[in-house]
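[1] coords please:
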Amino acid sequence: FKSIDKGMNWTFASWNSNIKTVSAIKVDPNNADVVFAGDGGQVYKTNDGGENWDVILSEGGLGVNDISINPKNNQLIFAGTNLGLYRSENGGVDWTKVMQEKIWDIEVQYGQEDNIFILMSNENEVKTEFWKSTDQGLNFSKKENGWYSSDDPARVNGGARMTVTPADVDRIYVILIGASKPGDNGYIGVYRSMDAGESWELTDPPIGGPYDDGHNNLATLSNTNTLQQGYYNLSIAASHDNADDLLVGAL
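    Below is the predicted model:
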């Protein structure tokens, strides 16, 4: 759907396409008529504000989790999917897979647009990892100084989301969900980096539970509620004016 009055009214914007359940969407920061959207198997692009859509990436089981456009070069597009990280240098015409593992989220560092951050699933270690590129996504290296770790046999990797902010271009927040041990109910913790991902600290210890009024479970409605839908409803955002202001949405 599309709104041209700040969300007061909406019109159906994908009537002329086969887009199914939209799982990722990104508007070109330099041209609002150019929009990318992803669903379970394809990435779509419109050049006319949603009147017409073209399939630009298609693969069975793709599962698009995030789409990123480099604001310094809007031809440089990334798609984070269940099948890996895809990179395009020509606005989505051609794609190269640069990472093979499931990608949960992608961010570009403000003011340092060569730096690309991704959250990637490590199925062998049963956790989500933070990886950083300093060459526009051609190569990535894992950053794990202070990062989450668990070797408990009951650990669960539920995914993660991250956010960056122009109020502090070196700051990154990541919320990890799943379980670090028996008794955890969806929420592992919020990690913060103050140096563009080189090192990390847990903002609200301990890792996972036990949860109480001083250590809330951010993946549920309350600390005693057993319902949590994990990554399905997960979001995180830092204020563009005050990097200390953080919003987390989950259920």
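
[2] Can you list the buried residues in stretch 77-97?
    For stretch 77-97, the neighbour count (16 or more other CB atoms under 10 Å) marks 77-89, 91-92, 95 as buried. To be clear about C-beta, it is placed using only N, CA and C from the backbone, and glycine gets the same treatment.

[3] which residues in the stretch 101-250 of the chain form strands?
    Listed in chain order, the strands of the stretch 101-250 of the chain (DSSP state E, counting those that start in this stretch) span residues 103-108, 116-122, 127-133, 141-142, 156-165, 168-179, 186-193, 201-202, 235-238, 246-249.

[4] To residue 3, which of these lies closest?
    Nearest of the strands of the stretch 101-250 of the chain to residue 3, taken as CB to CB: strand 235-238 at 18.6 Å.

[5] distance between the closest one and the chain's centre?
    On the basis of CA atoms, centre = their mean, to the nearest Å, strand 235-238 is displaced by 10 Å from the centre of the chain it belongs to.

[6] Give the buried residues for it.
    Taking 16+ other CB under 10 Å as the basis for neighbour counts, the residues of strand 235-238 that come out buried are 236, 238.

[7] ok, now stretch 243-251?
    Buried residues in stretch 243-251, defined by neighbour count with 16+ other CB under 10 Å: 243, 246, 248, 250.

[8] what's in contact with it?
    Taking contacts as CB atoms under 8 Å, 6 or more residues apart in numbering, the residues outside stretch 243-251 that touch it are 163, 165, 167-168, 171, 173, 175, 177, 186-187, 190, 218-221, 227-230, 233-239.

[9] Quick check: ChimeraX command selecting the buried ones in these.
    Once 16+ other CB under 10 Å is used to decide burial, the buried members of the contacts of stretch 243-251 can be selected in ChimeraX as follows:
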select :163,165,171,173,175,177,186,187,190,218,219,220,228,230,234,236,238
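
[10] Turn the strands of the stretch 101-250 of the chain into JSON lines, columns for mean pLDDT.
    Written out in JSON lines, the entries for these read as follows (pLDDT from 0 to 100):
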{"stretch": "strand 103-108", "mean pLDDT": "98"}
{"stretch": "strand 116-122", "mean pLDDT": "98"}
{"stretch": "strand 127-133", "mean pLDDT": "98"}
{"stretch": "strand 141-142", "mean pLDDT": "98"}
{"stretch": "strand 156-165", "mean pLDDT": "97"}
{"stretch": "strand 168-179", "mean pLDDT": "97"}
{"stretch": "strand 186-193", "mean pLDDT": "96"}
{"stretch": "strand 201-202", "mean pLDDT": "98"}
{"stretch": "strand 235-238", "mean pLDDT": "96"}
{"stretch": "strand 246-249", "mean pLDDT": "92"}
